[in-house]
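J.: Here is a sequence with its predicted model. Questions after.
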Number of protein chains: 2
Amino acid sequence: MSAATQASNKAKITTPADREIHIERIFDAPRDAVWRAFTEPDLLAQWWGRGNKLVIEKFELERGGHWRFVEHSADGAHGFEGRYREVTAPERVVQTFEWDGMPGHVVVEHVTLEDLGDGRTRIVNVSLFHTTEERDGMLHSGMEQGLNESYAALDKVLAELM
Amino acid sequence: MSAATQASNKAKITTPADREIHIERIFDAPRDAVWRAFTEPDLLAQWWGRGNKLVIEKFELERGGHWRFVEHSADGAHGFEGRYREVTAPERVVQTFEWDGMPGHVVVEHVTLEDLGDGRTRIVNVSLFHTTEERDGMLHSGMEQGLNESYAALDKVLAELM
């Protein structure tokens, strides 16, 4: 991908309902590669933390299993955790998401990998919050920049897999 | 309390909003005693499981802490867990609640102990679900009977504390 194309390849973030965030982004990689980058801990650790060191404390990738990641950034350690509601290879994961800084505020993420049939994959992530206030708090937390940094790092991981 | 009074002392369960369950029940005990029954593991284990054996695997009663209880009933072991959002003695706990049988379906419970000023305490528990379907699933799960069994067991624990 050219630098110009990369620069414009931002995630599309919309709010179709008052407690939801809808995210879409197309990746230049087949779905099986994207699935690997989401489910193999050594690959996940390379992009999820946006280039920061990521310690994967728990990664029980099955229905009912727990996950917990700690991102070590310049401003300290940030823990994130949740539980898997559904894991359907290679296309769908439904999981909860909670940041240590706001314990007990739980988002449900529905992540779908769509095979576009031309060697590309669209990631669709629909997040459901308990309240609109929690949704808006996430939107104003710097989420968009962090997400695009993670996805740019994922582009690199995928390029190396191919 | 007479047997007749006890028999009529069922929790009042209402659904004031489409994703909420509102529960109220008055206990013949001062608030400090009710708080102890909610926060001391050996007391909690006597009523939370409705007379069934309750194994308290985690009980980190502070903001950000986790809890996990396993109830051993005639039909097997049932795990429940969550995380504390707020712990304000002796009046308020906000926590998440999740049953292993439906992992990733998370309820937020706002539990308030109201001192009625006459030696009695009203417990108010407002639960917020992500969806109305999850709320209705809880209502149809036998929740009301289980709740009243737990609260009857709590009556006994409180009577012994006084």
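T.: On my side now, so go ahead.
J.: can the lengthiest strand in chain A be found next to chain B?
T.: Identified as the longest strand of chain A according to DSSP state E is strand A:76-88. Yes: Strand A:76-88 reaches chain B (CB under 8 Å from any CB of the partner chain) through A:82-86. To be clear about C-beta, it is placed using only N, CA and C from the backbone, and glycine gets the same treatment.
J.: and what of stretch A:47-61?
T.: No: using CB under 8 Å from any CB, stretch A:47-61 stays clear of chain B, coming no nearer than 10.5 Å.
J.: Tell me how confident the model is about that stretch, as a mean pLDDT.
T.: Averaged over stretch A:47-61, pLDDT sits at 95.
J.: next one: stretch A:127-137
T.: Here the average pLDDT along stretch A:127-137 is 98.
J.: Ok, stretch A:101-108 next?
T.: pLDDT averaged over stretch A:101-108 gives 98.
J.: buried ones in that stretch?
T.: Across stretch A:101-108, burial judged by 16 or more other CB atoms under 10 Å in any protein chain shown covers A:103-108.
J.: Now tabulate those in CSV and tack on distance to residue A:119.
T.: Formatted as CSV, the buried residues of stretch A:101-108 follow (distance: CB to CB, whole Å):
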residue, distance to residue A:119
A:103, 41
A:104, 42
A:105, 38
A:106, 36
A:107, 31
A:108, 30
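J.: Of those, which ones also sit close to chain B?
T.: Applying CB under 8 Å from any CB to the buried residues of stretch A:101-108, one finds that A:103-106, A:108 fall near chain B.
J.: with the residues you listed in mind, which one is nearest to residue A:31?
T.: residue A:108 (22.4 Å; CB to CB).
J.: hang on, the closest one packs against residue A:85?
T.: Yes: with contact defined as CB atoms under 8 Å, residue A:108 reaches residue A:85; the gap is 7.2 Å.
J.: Now do the shared contacts for these two.
T.: A:94-96, B:104 (CB atoms under 8 Å, 6 or more residues apart in numbering or on different chains).
J.: just to revisit the earlier point, just how off-centre is the helix or strand that the longest strand of chain A is followed by within its chain?
T.: Note on strand A:76-88: by DSSP states H and E, the next helix or strand toward the C-terminus is strand A:92-99. Between the centre of strand A:92-99 and the centre of its chain there are 9 Å (CA atoms, centre = their mean, to the nearest Å).
J.: tell me which residues in strand A:92-99 are buried?
T.: Here strand A:92-99 shows A:93-99 as buried, counting by 16+ other CB under 10 Å.
J.: end to end, how far does stretch A:111-127 reach?
T.: Distance across stretch A:111-127, first residue to last, is 9 Å (CA to CA, to the nearest Å).
J.: Now do the buried residues in it.
T.: Residues A:111, A:113-114, A:121, A:123, A:125-127 are the ones in stretch A:111-127 that count as buried (16+ other CB under 10 Å).
J.: could I have the one helix or strand residue A:21 maps to exported to CSV, CA atoms only?
T.: For residue A:21, the host element (DSSP H and E) is strand A:20-27. The C-alpha trace of strand A:20-27 is given here as CSV (Å, rounded to 0.1, in the frame of the first residue of the first chain):
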residue,chain,number,x,y,z
GLU,A,20,-23.6,2.1,20.3
ILE,A,21,-20.4,2.8,18.5
HIS,A,22,-20.0,1.3,15.0
ILE,A,23,-16.5,0.9,13.6
GLU,A,24,-15.4,-0.3,10.2
ARG,A,25,-12.0,-0.6,8.6
ILE,A,26,-10.8,-2.5,5.5
PHE,A,27,-7.5,-4.4,5.6
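J.: That one and chain B in contact?
T.: No: using CB under 8 Å from any CB, strand A:20-27 never reaches chain B; the gap is at least 10.6 Å.
J.: What residues of the helix or strand hosting residue A:136 count as buried?
T.: Per DSSP H and E: residue A:136 is located in helix A:132-139. Using 16+ other CB under 10 Å as the test for burial, helix A:132-139 gives A:134-135, A:138.
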